[in-house]
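A.B. asks: Sharing a model prediction with you, sequence too.
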Amino acid sequence: MSPYINPEFKPNPHLYPFESRWFDSSRGRMHYIDEGAGPPILLCHGNPTWSFLYRNIVLALRDHFRCIAPDYLGFGLSERPVGFGYTIEEHVGVVGEFVDHLGLDGYLTMGQDWGGPISMAVAVQRTERVRGIVLGNTWFWPADALVMKAFSKVMASPPLQYAILQRNFFVQRLIPAGTAHRPSGVVMRHYSAVQPTPAARAGVAVMPKQILAARPLLARLAGEVPAKLGAKPALLVWGMKDFAFRPGQMIPRMRTTFPDHVLVELPTAKHFIQEDEPEEIAAAIMRRFG
């Protein structure tokens, strides 16, 4: 196990009543959960979260689906390996290895925040094995909105990198700001305790830089997702109060990309839709793909 994971932290078994599993990828040891039986659904998180974000969705779906939620390297309970750069290309490579290792076929793929580009990049390489798409409060094209470009530049600046690494800024400030109701203390501890040191937060610090730095990958996805996945049945679940992924800017492009889609608007949800409306999201997945 990585020296950077908090050895004193154990997930609360009432909040996160799942068996921890491990995949030894070519780049490091990845933690994941694999719960339930039925059609597989791969649940991809964003920044600064981990599989814990999906806990209530997994509890609602695991009687009907096989719910698989990994923690990217550098996140959650996964390893922080020496020499890993935490770029989106690297995360895509490891998650792709993971999907192949599990032999997933006929799988649904869900992504939110960076889970959108990561899940889509994995899926375009395995088109014939993807049954359907679930996306919410995310994107998969080069950042063109001013708010996203500005966010990337500000978060990449030395003062904010210091705040992210030394003060755990992404967890302490952006999770409360990105939820309709501030998560409880015990929930917040599950996000903070998995990255107790600056070294453990390296992956969190890199991701906002990648909004601009991963432009080549995002440019590929802008063409490949419509071409290779556009005909798949899709479900769009959108937090309508998200300041960053504003529905008026994002949803039209999503709807154009996936003509066979169902849109579920979450009127009061903000960015972290899995915290704000897990039951509604799970119900929408059941209606669309159950």
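C.D. replies: Cool, the structure landed.
A.B. asks: contacts, neighbours, all on C-alpha from now
C.D. replies: Will do.
A.B. asks: what sits opposite the closest residue to residue 284 other than its chain neighbours in the beta ladder?
C.D. replies: Using CA to CA, 6 or more residues apart in numbering and skipping the chain neighbours, the partner closest in space to residue 284 is residue 264 (7.4 Å). Assessed by DSSP bridges, residue 264 has beta-bridge partners residue 237.
A.B. asks: Was I right to think residue 264 contacts residue 238?
C.D. replies: Yes. Counting by CA atoms under 8 Å, residue 264 does reach residue 238; the two are 6.4 Å apart.
A.B. asks: before we move on, back to that, neighbours of the residue nearest to residue 284, how many?
C.D. replies: 16 (other CA atoms under 10 Å).
A.B. asks: Which residues are in contact with it?
C.D. replies: Listed by CA atoms under 8 Å, 6 or more residues apart in numbering, the contact set of residue 264 reads 235, 236, 237, 238, 284.
A.B. asks: hmm, which two among those are most spread apart?
C.D. replies: Greatest spatial distance among the contacts of residue 264 (CA to CA): 238 and 284, at 11.4 Å.
A.B. asks: Comparing these two, which residue is more hemmed in?
C.D. replies: Per other CA under 10 Å, whichever of residue 238 and residue 284 has more neighbours is residue 238, with 30 against 19.
A.B. asks: Contacts only, for the more buried one.
C.D. replies: Residue 238 touches 136, 137, 247, 263, 264, 265, 266, 269, 273, counting by CA under 8 Å, 6+ apart.
A.B. asks: how close does it get to residue 44?
C.D. replies: 16 Å (CA to CA, to the nearest Å).
A.B. asks: Could you do residue 82 as well?
C.D. replies: 23 Å.
A.B. asks: average pLDDT for the helix or strand hosting residue 58?
C.D. replies: Element membership for residue 58 (DSSP states H and E) is helix 55-61. For helix 55-61, mean pLDDT rounds to 98.
A.B. asks: after it comes which helix or strand?
C.D. replies: Counting by DSSP H and E, the element after helix 55-61 in chain order, helix or strand, is strand 66-70.
A.B. asks: tell me what the very next helix or strand once past that next one is packed against?
C.D. replies: Using DSSP H and E, the helix or strand that follows strand 66-70 towards the C-terminus is helix 88-102. If contacts are counted by 3 or more CA pairs under 8 Å, 6 or more residues apart in numbering; DSSP states H and E, helix 88-102 sits against helix 115-124.
A.B. asks: tell me the angle of the next helix or strand after the helix it packs on relative to helix 115-124?
C.D. replies: Next along the chain after helix 115-124, taking DSSP H and E as the criterion, comes strand 130-136. Angle between the axes of strand 130-136 and helix 115-124 is 170 degrees (criterion: axes from the mean of the first three to the mean of the last three CA atoms, to 10 degrees).
A.B. asks: So which elements touch strand 130-136?
C.D. replies: Short answer (3+ CA pairs under 8 Å, 6+ apart): strand 130-136 packs on strand 107-112, helix 115-124, strand 234-239.
A.B. asks: What ranges does the stretch 151-290 of the chain have for its helices?
C.D. replies: Assigned by DSSP state H, counting those that start in this stretch, the stretch 151-290 of the chain shows helices spanning 158-167, 169, 175-177, 185-192, 202-213, 215-224, 247-257, 273-276, 278-289.
A.B. asks: and the fifth one, how far from the chain's centre?
C.D. replies: With CA atoms, centre = their mean, to the nearest Å as the basis, the distance from the averaged C-alpha position of helix 202-213 to the chain average is 14 Å.
A.B. asks: swap in stretch 271-290?
C.D. replies: In terms of CA atoms, centre = their mean, the centre of stretch 271-290 is found 14 Å from the chain centre.
A.B. asks: Mean confidence (pLDDT) on it, please.
C.D. replies: For stretch 271-290, the mean pLDDT works out to 98.
A.B. asks: That one spans what distance, first to last residue?
C.D. replies: 25 Å.
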